[in-house]
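1. how would this look folded up:
(chains A and B)
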Amino acid sequence: MTLNRRIFLGTGAAAAATLGAPAVLADGHGKPRVVVIGGGAGGATAARYIAKDSKGGVDVTLIEPSRTYFTCFFSNLYLGGFKEIDDLGHTYGTLAAKYGINVVHDWAVDVDRDAKTVSLAGGAQLPYDKLILSPGIDFVEGAVDGWSLAAQNAMPHAYKGGSQTELLKAQVAAMPEGGTFAMVAPPNPFRCPPGPYERISMVAHTLKATNPTAKIIVADPKEKFSKMSLFQEGWANHYEGMIDWIGADFGGGAVSVDPAAMTVSIDGEETKVDVCNVIPAMKAGRIAEMAGVTEGNWAPVNAADMSSKADPDVHVLGDASQQGDMPKSGFSANSQAKVCANAVRGALTGSKVFPAKFSNTCWSLIDTNDGVKVGATYEATEEKIAKVDGFISATGESSDLRRATYEESEGWYAGITADMFG
Amino acid sequence: MLRAVFLPAVLAAISVAGAVWAEGFGDAKAGARVFTKCKGCHEIGQGARDRIGPHLNGIFGRRAAAHEGYAYSKSMARAGNDGLIWTAETLGAYVENPRALVSKTRMSFRGLKDAQDRADLLAFLRDYSDNPADVPEAEPTARATDHDVDPAILALKGDAEYGEYLSSECLTCHQQDGSAEGIPSITRWPTEDFVVAMHAYKRKLRPHPVMQMMAGRLNDEEIAALAAYFKDLE
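-> Next up is the predicted model:
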């Protein structure tokens, strides 16, 4: 490798041609360069697959501010007491040491698509041949009347993994006897469609043990939600009388909050609450907007390779992308990352590019050993990522099956985190 | 409710685990029935071969991972190096909760919680171990898995490079190092077993919805490619 590189650098294009290297995109510099922004299910996976499969042939830089990444998936299980916070934390040492990825813990603050550079908060400028954006979500300002990021301590969103999740758990633990937990659920589309309802289940599980007279109110701007019949069946079975879900039909979308007074107003009726989990409307992580690849709240992409509709050298993965039928989930981001990695590596090194295949499964826990799941497979069409086939758990399943489903979700967590972080 | 019933049952099972051998072996005939849970992966009896799991003739008294020619998980190999010998006591503990004894075993089995089932199974296994000359004459169990697959499909030679690409979809759940933690290991299976299993999912003869969906859109060449890739994965 060292030898190849020396020849390549020394004699330029002629040597590149004889070596069969695709000189196209590595023009003027040695190895082709990929910069990945965001070290979650999309970004970490893409970085790892490009580095692993190119065997050092592509220079991969991963930009992620957190030194320890706390997954948002499975954070509800922490709220329910099924996981410790440390179970959800992952570091990037293996990606650097085993796969040779240049891991930079900094914020990407700007992208210049003409110069093909990324600016970091620390001042550095990183050139790229291909840029992969996987920044996750940010919140739409003013989406919930009375709430802003400044109020996230009083009324946490807990919809990005880590400290917010810990805060919400501590607030639930500190609720007075018979107190009220409120959730303001988000409108579509949003990260992890079953997430808010699994969270309600996990908070109910905790309260049932510690504070059984407590109440849960959910104000929801939607008329229906993911796995609705499964959750409603589970809530009736395990938490009868504890959960009051107010959908759009009953004014669940007409909500305002007052973080100072700790009140929630739903359809004109004001309630004093002890904990208020506000999950606002979402949009692509801010850097996607800075890069100029968003339309409205999300970044439209081509289904075949996850490239931005605005720029073939920029790819957008996961929650931030607008791709069609896939739900915004860690599983989806991981699946999209592999399709993208295959295409990017093919473009940069001439490796074989295989047709895109996508899949997703979302597991949710309703109570101890009561797991359910929904999943689908997808294909790339001209227009979008289109659903091919799918399934969902049935109501009334046996307790053995529900337990196996939960155990399977634990296996999936071990699998996907190994697939992301090495 | 579920939890209240479940926990004491497990604790009781654990507390008697060590007593299985002390109480003696169970009924080998009943054990043959229990063995149906094992035979998807293990053969036993005359002519038994290694399949997804190693054959189990002569298991008693053998050191873990000592059977030559079978590619054990790193964890099992380490347990063998550490001196794990298969006795009634250790086998009893292993079949009760495989991962509790060998944490990253590739054996995708949740465990036998019933002490009588374990005692019966051990009696059955011992019949194939005690005195090799007396191994009962019978067709090996677990010959050819669950379903018929066209020999032409089984004869397909898989493209391991394509399999590597396709495998990325499997590795969101199944672990590359072969550990099984609630989702089965799929590495180092004999090609035939892999192909037969995938076609059984594709035809919805095997019951798992995720696997039916995933296998459902793989063609014969793709299944062969995956089998070829996973077979040799270290």
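2. The lengthiest helix in chain A - contacts with which helices or strands?
-> The residue-count maximum for a helix in chain A (DSSP state H) belongs to helix A:399-421. Contacts defined by 3 or more CB pairs under 8 Å, 6 or more residues apart in numbering or on different chains; DSSP states H and E place helix A:399-421 against helix A:43-54, strand A:89-91, helix A:330-349, strand A:357-367, strand A:370-380. For every residue, glycine as well, the C-beta is placed using N, CA and C.
3. can you redo these as TSV with mean pLDDT and mean neighbour count?
-> Putting the helices and strands packed on helix A:399-421 into TSV (pLDDT from 0 to 100; neighbours: other CB atoms under 10 Å in any protein chain shown) gives the following:
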stretch	mean pLDDT	mean neighbour count
helix A:43-54	97	26
strand A:89-91	98	17
helix A:330-349	97	26
strand A:357-367	97	24
strand A:370-380	97	22
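4. And stretch B:155-167, what's buried?
-> By neighbour count on 16 or more other CB atoms under 10 Å in any protein chain shown, the buried set for stretch B:155-167 is B:156, B:158-160, B:162-167.
5. and if you look at stretch B:52-72?
-> By 16+ other CB under 10 Å, the buried positions in stretch B:52-72 come out as B:52-60, B:62, B:64-67, B:71-72.
6. Please export the C-alpha coordinates of that stretch as PDB.
-> The C-alpha trace of stretch B:52-72 is given here as PDB (Å, rounded to 0.1, in the frame of the first residue of the first chain):
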ATOM      1  CA  ILE B  52     -24.700 -26.500  12.200                       C
ATOM      2  CA  GLY B  53     -23.500 -27.900  15.500                       C
ATOM      3  CA  PRO B  54     -21.000 -30.700  16.100                       C
ATOM      4  CA  HIS B  55     -22.300 -34.300  16.300                       C
ATOM      5  CA  LEU B  56     -22.800 -35.500  19.800                       C
ATOM      6  CA  ASN B  57     -21.500 -39.000  19.900                       C
ATOM      7  CA  GLY B  58     -19.100 -39.400  22.800                       C
ATOM      8  CA  ILE B  59     -19.700 -36.000  24.300                       C
ATOM      9  CA  PHE B  60     -19.400 -37.200  27.900                       C
ATOM     10  CA  GLY B  61     -15.900 -36.900  29.200                       C
ATOM     11  CA  ARG B  62     -14.800 -34.800  26.300                       C
ATOM     12  CA  ARG B  63     -13.100 -31.500  26.700                       C
ATOM     13  CA  ALA B  64     -15.200 -28.600  25.300                       C
ATOM     14  CA  ALA B  65     -14.300 -27.600  21.700                       C
ATOM     15  CA  ALA B  66     -12.100 -30.700  21.400                       C
ATOM     16  CA  HIS B  67     -13.900 -32.500  18.600                       C
ATOM     17  CA  GLU B  68     -11.600 -32.100  15.600                       C
ATOM     18  CA  GLY B  69     -12.900 -30.700  12.300                       C
ATOM     19  CA  TYR B  70     -15.600 -28.600  13.800                       C
ATOM     20  CA  ALA B  71     -15.100 -24.800  13.900                       C
ATOM     21  CA  TYR B  72     -16.100 -23.800  17.400                       C
END
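7. Quick one: residues in contact with it.
-> Stretch B:52-72 has contacts (CB atoms under 8 Å, 6 or more residues apart in numbering or on different chains) with B:38, B:40-45, B:48-50, B:76-77, B:79-81, B:83-88, B:91, B:102, B:106-107, B:125-126, B:128-130, B:132, B:135, B:140, B:188-190, B:193.
8. And stretch A:223-243, by the same measure?
-> A:185, A:193-194, A:196-198, A:200-201, A:204-205, A:207-208, A:214-216, A:218, A:245, A:247-249, A:327, A:362, A:364, A:366-367, A:370, A:372, A:374, A:392-393, A:395-396.
9. Just the buried ones from those?
-> Using 16+ other CB under 10 Å as the burial test, the contacts of stretch A:223-243 include A:185, A:193-194, A:196-198, A:200-201, A:204-205, A:207, A:214-216, A:218, A:245, A:247, A:327, A:362, A:364, A:366-367, A:370, A:372, A:374, A:392-393 as buried.
10. Return only those of those residues found close to chain B.
-> A:D370 (CB under 8 Å from any CB of the partner chain).
11. Write out the residues of the stretch 201-350 of chain A neighbouring chain B.
-> The stretch 201-350 of chain A comes close to chain B at residues A:331, A:334-335, A:338, A:342, as judged by CB under 8 Å from any CB.
12. Nearest to B:F25 among the residues you listed?
-> Set against B:F25, the nearest of these by CB to CB is A:F331 (45.8 Å).
13. which residues in the chain form helices?
-> Since you didn't name a chain, this refers to chain A. Ranges of helices in chain A, per DSSP H, are A:2-11, A:13-19, A:43-54, A:75-79, A:93-97, A:163-173, A:195-210, A:228-238, A:286-290, A:330-349, A:399-421.
14. Chain B, not that one
-> Using DSSP H, helices in chain B cover B:2-17, B:19-22, B:28-34, B:74-81, B:88-96, B:98-101, B:115-126, B:151-154, B:160-170, B:191-202, B:209-216, B:220-231.
15. could you check the angle helix B:115-126 makes with the fifth one?
-> Here the directions of helix B:88-96 and helix B:115-126 differ by 120 degrees (axes from the mean of the first three to the mean of the last three CA atoms, to 10 degrees).
16. Now do the buried residues in helix B:88-96.
-> B:88-89, B:91-96.
17. Let me have these in JSON lines, adding distance to A:G253 and pLDDT as columns.
-> Output for those, formatted as JSON lines (distance: CB to CB, whole Å; pLDDT from 0 to 100):
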{"residue": "B:A88", "distance to A:G253": "64", "pLDDT": "86"}
{"residue": "B:E89", "distance to A:G253": "63", "pLDDT": "85"}
{"residue": "B:L91", "distance to A:G253": "60", "pLDDT": "90"}
{"residue": "B:G92", "distance to A:G253": "59", "pLDDT": "89"}
{"residue": "B:A93", "distance to A:G253": "56", "pLDDT": "87"}
{"residue": "B:Y94", "distance to A:G253": "55", "pLDDT": "92"}
{"residue": "B:V95", "distance to A:G253": "55", "pLDDT": "93"}
{"residue": "B:E96", "distance to A:G253": "52", "pLDDT": "90"}
